[in-house]
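>>> Make a model of this:
(one chain, ligands or ions: 2)
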Amino acid sequence: MSKIRILSDALASQVAAGEVVERPAAVIRELMENSLDAGATNISVEVQRGGTAMIRITDDGVGMDREDALLCIERHATSKIRTKEDLAAIATFGFRGEALPSIASVSRFRLATRQQESLSGTEVEIMGGKLSGVKDHGGAVGTVIEVRSLFFNVPARRKFLRTEATEYAHIEQQFRTHAIANSHVTFTLVRDGGVAFHLPGTQETLERIRGLAGDELANRLIKVERMESQGISVWGFIGGPGLSRSSRQQQITFLNGRPIESQPINYGLREGFHTTLMKGQYPVTFLFLEMNAEAFDINVHPAKKEVRFHDGFAVRDTVAKAVRHALENANKLPEGRSASLRMITPAIVPPQQQSFALPSTVHSSSIAILRQLELEASSRPAPHPPGKPFDTKIDSPPQPLIENTPVYAPEKPTMPVFRIIGVLHRLYVLMENTDGLVLMDQHAAHERVNFEKMRKAMEQGGVPSQRLLMPLMLQTSPRDGDILKRHLDSLARLGIEAEPFGTNTFKIEALPTFLKTDDPLAWLDQVIEELQSLSSKSSSLRLGEDMIATTVCRHSVKANDKLSIPEIQALLEDLFACEMPYCCPHGRPTLIQMSIHELERKFGRQAP
Ligand code: ADP
Ligand code: MG
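Ligands and ions are numbered 1, 2, ... in the order given. Coordinates of the predicted model:
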């Protein structure tokens, strides 16, 4: 007996549905794309219970005649391609003719549609893939598609659904991306009977972003002027210096209006943003690429998110250039905007074994010389064994290099002795010890000190926090709200007292005492991002540690604070009380030694 069977159409659709409709948000994506393909200028999305109970999309697009209304639920029925050549030059969202039959096969499905020229439209009902009724429809021009009880006949798939709030969050994400890419279209999102968004059509993409993301984010975006090169056009909006996230979630890119993910674009962004982002941080972008449909392949991914560019390098290059150009221009802004620029943090150099390297993003030219020296020095074996970078046994105190400069006299005899020379670039403390020159990155040192203090405090019951005179109101997306709610306890131990206050709003009553930031709400956003990216892979203590390291510490000192000599001494004292004084919590060095021997060699006083 032969084993191969041709699947029945209904079964084939259910199998395909597994690929195309993995969750309610995927239904939203497909239906919104169909409405956009149909030229709608008004699209309303209604969902109940995270889309699991009901999804209804109403548009004012071209609609379908009766024949098409029946045909569109057949597999591989599409009005969008007819020939192989069409496939090579797809300009529409859909083209597989797979979405509607797939969705209809796993739900109670209703489609009502009417074209401009016809007096009466068509209503079609399908139950789990079987046509159960066709009748006349007297509604407005356009199409309504209603999807009820999604996966009612596929229990395996139903099991994979997450909470309603999570499913809704994914829906909202789909809604947002389409709304951003199509600002000329009016969009409405109704969740369980309440209007979540109503976005009137606008010619200005930034207005649309504002409508979706709020003033706070919109005001911190900078414009990427359209750049055209090698047949690629790039424009959009990106987060200015200091605005970043710890996941790619707000790194949104579109190709010819379609939200996509692509490696060359990611590389281009990384290149363009280079040195303005900390390691592990991702930019906020709303970037639009436009190019000839023949220059890429969209047919790679069933959900049509991934793209294969014929010339990936050109894409990467153009994206990098456009972003760099925008950032450079933003840096030239007058004083008034400098508040946000202060937050620029140098990129992280991977921790080197001996940590004798200067960070790669030192700005002044005098440092460039030092860096050159350091590069040469690092090609030789390092003068100190790992783990013990400084000689702690001192026979006689160092002779002052400059008269009357203060000596750091440690209380514990095992600590190294330093003579403070001064501060370079408001960041690097120059010191002398018996070996020669010592440089301390005061920011990295502060981070280390605060990190260990906070970790200790956390282990002992909680980071000290400060009550706010005026509680802050934090607005979140439903998904972020969920995450926050789950972690209220850990946050309290980190000194953040948050309390749910109505839907998707939290009242922030206290913040960690260490925190020094001008923008606590933006900081809290980062904390949430951090929770999101960490919660899946960390235990709760690790989570706390990582949180402190990556977000709390980063804001525990402002860059370029001018320290007085007593403050430097206190910092050294604290630093050497740490378990790991020689690097910051991110692995950058806090101290660099340049020995007299090395200097003598550099100056040609000694044979190499
Ligand atoms: P595809 O979008 O890949 O063509 P779908 O299954 O999503 O496949 O849709 C099948 C066809 O149904 C489309 O090609 C289009 O002709 C028609 N259609 C679907 N939704 C709409 C809509 N909202 N308005 C008008 N026509 C639609
Ligand atoms: Mg489609």
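>>> Make sure I have this right: residue 575 is in a helix.
Yes. Under DSSP: H, G, I helix; E, B strand; the rest coil, residue 575 sits within a helix.
>>> Which strand runs longest in the protein?
In the chain, ranked by residue count with DSSP state E as the criterion, the top strand is strand 465-475.
>>> by contact count, what packs against the lengthiest helix in the chain?
The longest helix of the chain (DSSP state H) is helix 312-331. If you count contacts as 3 or more CB pairs under 8 Å, 6 or more residues apart in numbering; DSSP states H and E, helix 312-331 packs onto strand 221-229, strand 232-239, helix 263-273, strand 285-291. For glycine as for every other residue, the C-beta is placed from the backbone atoms N, C-alpha and C.
>>> For residue 354, give me the pLDDT.
For residue 354, the pLDDT comes out at 26.
>>> where does the stretch 501-608 of the chain have low pLDDT?
Where the stretch 501-608 of the chain drops to pLDDT under 70, the residues are 533-560, 586-587, 607-608.
>>> who touches the residue in it positioned nearest to ligand 1 in this structure?
Going by CB to the nearest ligand atom, ligand 1 is nearest to residue 504 of the stretch 501-608 of the chain, at 30.0 Å. Contact analysis of residue 504 by CB atoms under 8 Å, 6 or more residues apart in numbering lists 475, 476, 477, 478, 481.
>>> again, 6 Å this time
476, 478, 481 (CB atoms under 6 Å, 6 or more residues apart in numbering).
>>> re earlier: so which of the helices and strands packed on helix 312-331 comes closest to residue 25?
Residue 25 lies closest, by CB to CB, to one member of the helices and strands packed on helix 312-331: strand 285-291, at 19.4 Å.
>>> Would you tell me what the next helix or strand after the closest one is?
strand 296-297 (DSSP states H and E).
>>> if you skip the residues just before and after it, what's nearest to residue 422?
Distances taken as CB to CB, 6 or more residues apart in numbering put residue 430 closest to residue 422, at 5.4 Å, once the chain neighbours are dropped.
>>> Name the SS class of the one you found, please.
Secondary structure assignment for residue 430 (three-state DSSP): strand.
>>> Wait, it touches residue 419, no?
No. The criterion here is CB atoms under 6 Å, and residue 430 misses it with residue 419 at 9.7 Å.
>>> on that earlier part again, just name the closest of the contacts of residue 504 to ligand 1, please.
The shortest approach to ligand 1 among the contacts of residue 504 belongs to residue 478, at 26.3 Å (CB to the nearest ligand atom).
>>> For my notes, please list the contacts of residue 504 in a markdown table and give distance to ligand 1, pLDDT and neighbour count for each entry.
Shown next, in a markdown table, are those (distance: CB to the nearest ligand atom, whole Å; pLDDT from 0 to 100; neighbours: other CB atoms under 10 Å):
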| residue | distance to ligand 1 | pLDDT | neighbour count |
| --- | --- | --- | --- |
| 476 | 32 | 90 | 18 |
| 478 | 26 | 89 | 19 |
| 481 | 32 | 89 | 20 |
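>>> Going by distance to ligand 2, which of those residues wins?
Nearest to ligand 2 among these is residue 478, at 26.3 Å by CB to the ion.
>>> Quick one: neighbours of the residue in the stretch 401-550 of the chain positioned nearest to ligand 2, just the number.
Residue nearest to ligand 2 within the stretch 401-550 of the chain: residue 479 (25.6 Å; CB to the ion). Per other CB atoms under 10 Å, the neighbour tally for residue 479 reads 19.
>>> returning to what we had before: from the contact counts, what lies against the next helix or strand after the longest strand of the chain?
Next helix or strand after strand 465-475 toward the C-terminus (DSSP H and E): helix 478-486. With contacts taken as 3 or more CB pairs under 6 Å, 6 or more residues apart in numbering; DSSP states H and E, helix 478-486 sits against helix 164-181, helix 520-534.
>>> For the next helix or strand after helix 478-486, what is the distance to the chain centroid?
Next along the chain after helix 478-486, taking DSSP H and E as the criterion, comes helix 488-493. Relative to the chain's own centre, helix 488-493 is displaced by 23 Å; criterion: CA atoms, centre = their mean, to the nearest Å.
>>> hang on, the earlier thing: any idea how far residue 589 is from the residue nearest to residue 422?
Using CB to CB, to the nearest Å, residue 430 is found at 15 Å from residue 589.
>>> The two: which has the busier surroundings?
Each of residue 430 and residue 589 has its neighbours counted (other CB under 10 Å); residue 589 has more, 24 against 17.
>>> Distance check, the more buried one against ligand 2.
Taking CB to the ion, to the nearest Å as the measure, residue 589 falls 54 Å from ligand 2.
>>> swap in residue 191?
Counting by CB to the ion, the gap between residue 191 and ligand 2 amounts to 23 Å.
>>> beta partners of that residue?
Judged by DSSP bridges, the bridge partners of residue 191 are residue 47, residue 194.
>>> quick one: it from residue 492, how far?
Taken as CB to CB, the span from residue 191 to residue 492 is 29 Å.
>>> Looking at those two, which one has more neighbours?
When residue 191 and residue 492 are compared for neighbours, residue 191 comes out ahead with 21 against 15, by other CB under 10 Å.
>>> Residue 225: neighbouring residues, count only.
Using other CB under 10 Å, residue 225 is surrounded by 12 other residues.
>>> That one and residue 324: what is the separation?
Residue 225 sits 12 Å away from residue 324, going by CB to CB.
>>> Save the helices and strands packed on helix 312-331 as a markdown table, and put in mean pLDDT and distance to residue 170 too.
A markdown table is the format used below for the helices and strands packed on helix 312-331 (pLDDT from 0 to 100; distance: least, CB to CB, whole Å):
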| stretch | mean pLDDT | distance to residue 170 |
| --- | --- | --- |
| strand 221-229 | 94 | 24 |
| strand 232-239 | 96 | 23 |
| helix 263-273 | 87 | 21 |
| strand 285-291 | 96 | 19 |
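>>> Turn the helices and strands packed on helix 478-486 into JSON lines, including mean neighbour count and distance to residue 121.
Putting the helices and strands packed on helix 478-486 into JSON lines (neighbours: other CB atoms under 10 Å; distance: least, CB to CB, whole Å) gives the following:
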{"stretch": "helix 164-181", "mean neighbour count": "21", "distance to residue 121": "25"}
{"stretch": "helix 520-534", "mean neighbour count": "20", "distance to residue 121": "44"}
